[in-house]
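Engineer: Sequence plus predicted model, see below.
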Amino acid sequence: MTSFEICEMTTEKEMDEKGYVHWRSWQETYSGLMPDDYLKNLTLEKCVEMAHKFPQNTLLLKVDGKTVGFSCISKREDATEIIAIYLLKEHHGKRLGYELMKRTVSQIADNVPVVLWVLKGNEKAIRFYKKFGFDFNGNEKACPFGVELQMELKAK
């Protein structure tokens, strides 16, 4: 397995790196699942700006000191939501996403429901989440680029 570290995002440089991973992973992951215009309008600058605007509850996955993935959680009244987990495509298949998800879920208190949203048709992500015990709970919501399905973790 590749040598890696997972840490909390704290510096301006890390925020810039997270913004890049956000932008790049959306281009890699959602091509063909989202309208091209939407992806074209999601610029690197917008992603970096979001990373600086919302730095809280973010874990970075680094390989050789370089950020290649991240996750973010948000505490809601009724659950904790994993609002993002992304890994650059060149690092897929190395169990790094698994390690990042494992660490993300471990930071959530026991007996707290965990939910996330996944884009309908994103079969690779759906298979990944199911390996962690997530399953569909029947909720759907429309978003600017299609329909998202909510999955929830039934047991930690």
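Structural biologist: In hand now; what should we look at? Owing to the predicted nature of the structure, the values given are computational and were not obtained by experimental measurement. Numbers count the residues shown, from 1 in each chain.

Engineer: outside of stretch 88-97, which residues touch it?
Structural biologist: 1-2, 4, 21, 24-25, 28-29, 61, 63, 68-69, 85, 87, 128 (C-beta atoms under 8 Å, 6 or more residues apart in numbering). In short, each C-beta sits where N, CA and C put it, glycine included.

Engineer: Only the buried residues of that stretch, if you could.
Structural biologist: Buried positions in stretch 88-97, judged by neighbour count with 16 or more other C-beta atoms under 10 Å: 88, 91, 96-97.

Engineer: distance between the ends of it?
Structural biologist: Start-to-end span of stretch 88-97 (C-alpha to C-alpha, to the nearest Å) is 10 Å.

Engineer: Could you give the average pLDDT over that stretch?
Structural biologist: Average pLDDT, stretch 88-97: 95.

Engineer: How far does it sit from its chain's centre?
Structural biologist: Offset of stretch 88-97 from its chain centre (C-alpha atoms, centre = their mean, to the nearest Å): 13 Å.

Engineer: do stretch 110-124 as well
Structural biologist: The chain centre lies 10 Å from the centre of stretch 110-124; the measure is C-alpha atoms, centre = their mean.

Engineer: Point to the residue nearest the middle of the chain.
Structural biologist: Residue closest to the mean C-alpha point of the chain, counted by C-alpha atoms, centre = their mean, is Ile85 at 1.5 Å.

Engineer: May I ask you to confirm that that residue is in contact with Ile73?
Structural biologist: No. Distance between Ile85 and Ile73: 9.3 Å, which falls outside the contact criterion (C-beta atoms under 8 Å).

Engineer: shared neighbours of these two, anything?
Structural biologist: Common contacts of Ile85 and Ile73 (C-beta under 8 Å, 6+ apart): Thr104.

Engineer: could you redo the buried residues of stretch 88-97 as JSON lines and give each row secondary structure and distance to Val118?
Structural biologist: Output for the buried residues of stretch 88-97, formatted as JSON lines (DSSP: H, G, I helix; E, B strand; the rest coil; distance: C-beta to C-beta, whole Å):
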{"residue": "Leu88", "secondary structure": "coil", "distance to Val118": "19"}
{"residue": "His91", "secondary structure": "helix", "distance to Val118": "20"}
{"residue": "Leu96", "secondary structure": "helix", "distance to Val118": "19"}
{"residue": "Gly97", "secondary structure": "helix", "distance to Val118": "14"}
